[in-house]
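> how would this look folded up:
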Amino acid sequence: MNDSLSVYNFDIEGVSLKTGNDTLYKQENRWFCTYYKDISIGDTIIKKGGELSFNIHKKDTILTYYWECEGKVYE
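Okay, here's the model as predicted:
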């Protein structure tokens, strides 16, 4: 993963939960890079279409992040 202060590319290698195939997710966006410090190898990132939140599943914890805009949190 990249340093959110200098680079805005977010690349994740892993296995797709939908297909079971190896996959590379690439996103050029500062939004995801905000959370790179919370993601470790072995974690699972879940973002469901149509939902404003996403989750980082760790070995013993699930971190949930909600979309926030201008100080208002949307769930």
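> Pairing partners for the helix or strand where Phe10 lies, with directions?
Using DSSP states H and E, Phe10 maps to strand 9-15. Strand 9-15 pairs in its sheet with strand 22-28 (antiparallel), by DSSP bridges.
> what does the partner strand rub up against?
Contact partners of strand 22-28, identified using C-beta atoms under 8 Å, 6 or more residues apart in numbering, comprise 8-16. C-beta here means a position set from N, CA and C on the backbone, and glycine is covered the same way.
> Buried subset of those residues as a PyMOL selection?
Applying 16 or more other C-beta atoms under 10 Å to those, the buried members can be selected in PyMOL as follows:
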select buried, resi 10
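> Which two among the contacts of strand 22-28 are spaced furthest apart?
Distance extremes for the contacts of strand 22-28: the farthest pair is Tyr8 and Val15 at 24.9 Å, using C-beta to C-beta.
> Surely Ile45 is in a strand?
Yes. Ile45 forms part of a strand when assessed by DSSP: H, G, I helix; E, B strand; the rest coil.
> Show the pLDDT at it.
pLDDT recorded at Ile45 is 87.
> Verify the contact between it and Asn55 for me.
Yes. Ile45 lies in contact with Asn55 (C-beta atoms under 8 Å); the separation is 7.4 Å.
> Would you mind measuring from Leu52 to Asn9?
Leu52 is 23 Å from Asn9, where distance means C-beta to C-beta, to the nearest Å.
> where along the protein do the strands fall?
Counting by DSSP state E, the chain has strands at residues 9-15, 22-28, 44-46, 53-57, 62-69, 72-74.
> Pipe those strands into JSON lines and attach distance to Thr34 per row.
Below are those laid out as JSON lines (distance: least, C-beta to C-beta, whole Å):
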{"stretch": "strand 9-15", "distance to Thr34": "10"}
{"stretch": "strand 22-28", "distance to Thr34": "12"}
{"stretch": "strand 44-46", "distance to Thr34": "13"}
{"stretch": "strand 53-57", "distance to Thr34": "11"}
{"stretch": "strand 62-69", "distance to Thr34": "9"}
{"stretch": "strand 72-74", "distance to Thr34": "14"}
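> Sort the contacts of strand 22-28 by pLDDT and name the bottom one.
Among these, Tyr8 carries the lowest pLDDT, at 65.
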